[in-house]
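> Turn this into a structure:
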Amino acid sequence: MRVENVERKVAQNSEIFRSIVLGIARAIFVEGESSTQCSLFSMPNGRECGAVVGVPLNAHLENDLPAIAARVTARTRAIYIVNPHNPSGTASEAVPFKAFLSEMTKRTTVIVDEAYLEFEPDFAQKTAAELTRSGANVIVFRTFGKIYGLAGMSIGYAVAPKGAAASLKRNGLGAAHSLNRLAVAAAAASRRDPGYVDRMRLNVVEERQKWHTLLDTLGRRRSDSRGNFVFFETGQPHEMIAAQLIREGIEIARAFPPFDLPRRIFYSRSDHSLNDSNFPNFKFDMRQPPQVTSRLCIRRCRCSH
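Down below sits the predicted model:
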């Protein structure tokens with residue numbers, strides 16, 4: 001991808017996300033100042049890089065853009081947004097989202113994590129990278145760990161304005177010693193295999209729609225997930241459904257507070273579709289009130305969570 005007036009910095013290690021944010025933090029944060037929708041990180045000297053101002057999702061489990069804008073002040077040094085959101089999977093509509101970004105970048109730096117956006121068929125229209133190309137103060141996070149299936153190698157990159165990219169470089173992001181040769185080779189090979197990405201996107205969209213149809217039929221409240229997973233209320237205590245699903249080879253992952261002890265559920269068998277006769281039989285007890293939100297990841301082929 002050729003980006004004018006933009007540099008892409010590549011980072012690879014077990015804490016890629018933390019490393020990139022820390023590199024940005026060194027450039028834009030002053031102790032005690034605030035960031036919106038961002039995690040708190042400590043500087044190497046022990047000083048905190050900023051205070052977190054969290055903004056809840058809206059009733060549809062989407063990024064609440066008006067609420068975020070209302071929390072931004074003169075002391076806000078960065079806004080951090082995951083689009084599609086993790087764990088709900090919801091994605092903001094392109095036109096209002098880009099209008100929001102354009103307005104916010106007049107006030108501060110905006111960081112957009114697009115880890116799951118490539119599962120969207122209209123990815124090219126929804127990415128915030130075009131704003132970075134046009135000179136806006138937007139930093140876009142990308143990863144090879146989702147649709148490319150290279151999660152075990154932890155390699156990704158940031159699309160950033162030249163000034164921010166230079167700061168990342170000064171702080172060691174993308175330095176040769178930080179990159180695993182195998183991960184670099186795998187990422188390069190992935191970029192030369194667009195057919196795989198197209199196939200995975202079609203497969204995920206197809207399977208995700210089947211799950212949404214099933215959940216709607218069961219009357220389960222769900223989000224409009226746009227990632228390689230579904231996010232829904234099971235109506236059963238976590239321990240009960242976890243025990244049932246693990247017998248079917250389905251892995252329950254960590255909780256996502258504050259969504260009533262939500263859980264990720266990863267379907268990690270790559271040889272079945274939802275329509276297969278031997279697909280796990282989900283027995284959701286409709287008599288119990290929805291009280292647990294769960295996430296099921298569609299993992300066909302080499303898709304990762």
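> which residues of this structure fall in strands?
For the chain, applying DSSP state E gives strands covering 6-12, 34-36, 51-53, 76-82, 109-113, 138-143, 155-161, 229-233, 250-255, 263-267, 293-298.
> lowest-confidence stretch among those strands?
Among the strands of the chain, strand 6-12 has the lowest mean pLDDT, at a mean of 42.
> All the helices of the stretch 1-150 of the chain, residue numbers only.
All helices of the stretch 1-150 of the chain, identified by DSSP state H, counting those that start in this stretch, fall at 16-28, 65-71, 94-104, 123-126, 129-133.
> So which bits of the second one are buried?
By that I understand helix 65-71. Buried positions in helix 65-71, judged by neighbour count with 16 or more other Cβ atoms under 10 Å: 65, 68, 71. Every C-beta, even on glycine, is put in place using the N, C-alpha and C of the backbone.
> what's the answer for the fourth one, then?
By 16+ other Cβ under 10 Å, the buried positions in helix 123-126 come out as residue 126.
> which residues are in contact with it?
By Cβ atoms under 8 Å, 6 or more residues apart in numbering, the residues outside helix 123-126 that reach it are 83, 91, 94, 97, 117, 120.
> Can you pick out the most distant pair from the residues you listed?
Greatest spatial distance among the contacts of helix 123-126 (Cβ to Cβ): 97 and 120, at 12.2 Å.
> These two - which one has more neighbours?
In this view residue 97 and residue 120 are compared by other Cβ atoms under 10 Å, and residue 120 has more residues nearby, 22 against 18.
> Can you check the pLDDT for that one?
On the pLDDT scale, residue 120 is placed at 94.
> Relative to residue 204, how far out is it?
10 Å (Cβ to Cβ, to the nearest Å).
> Tell me who's in contact with residue 217.
Residues in contact with residue 217 (Cβ under 8 Å, 6+ apart): none are found.
> With residue 146 as the reference, measure out to it.
Note on residue 217: its distance to residue 146, by Cβ to Cβ, is 28 Å.
> ditto for residue 181
Relative to residue 146, and taking Cβ to Cβ, residue 181 is found at 22 Å.
> ok so, going back, mind putting the contacts of helix 123-126 into CSV with distance to residue 211?
Formatted as CSV, those follow (distance: Cβ to Cβ, whole Å):
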residue, distance to residue 211
83, 21
91, 17
94, 24
97, 25
117, 19
120, 16
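> Looking at those residues, which is nearest residue 199?
residue 120 (15.2 Å).
> looking at it, the closest one is touching residue 226, isn't it?
Yes - here residue 120 lies in contact with residue 226, judged by Cβ atoms under 8 Å, at a distance of 5.6 Å.
> what is in contact with those two at once?
Residues touching both residue 120 and residue 226 (Cβ under 8 Å, 6+ apart) are 84, 91.
> Residue 220 contacts residue 231, doesn't it?
No - the criterion here is Cβ under 8 Å, and residue 220 misses it with residue 231 at 10.3 Å.
> Those two: which is more packed in?
residue 231 (29 against 20).
> Pull up the distance across stretch 63-78, start to finish.
With Cα to Cα, to the nearest Å as the measure, the ends of stretch 63-78 fall 16 Å from one another.
> Could you chop this protein up by domain?
Each domain of the chain is listed here as a residue range: 6-191, 194-298, per automatic domain parsing.
> Any buried residues in stretch 186-204, and which?
Across stretch 186-204, burial judged by 16+ other Cβ under 10 Å covers 186-187, 190, 196-197, 200-201, 203-204.
> right, and the pair among those with maximum separation?
Taking Cβ to Cβ, no two of the buried residues of stretch 186-204 sit farther apart than 187 and 203, at 21.1 Å.
> any low-confidence regions in the stretch 201-305 of the chain?
The model of the stretch 201-305 of the chain has pLDDT under 70 over residues 252-305.
> again, only using 80
Counting by pLDDT under 80, the low-confidence segments of the stretch 201-305 of the chain come to 234-242, 245, 249-305.
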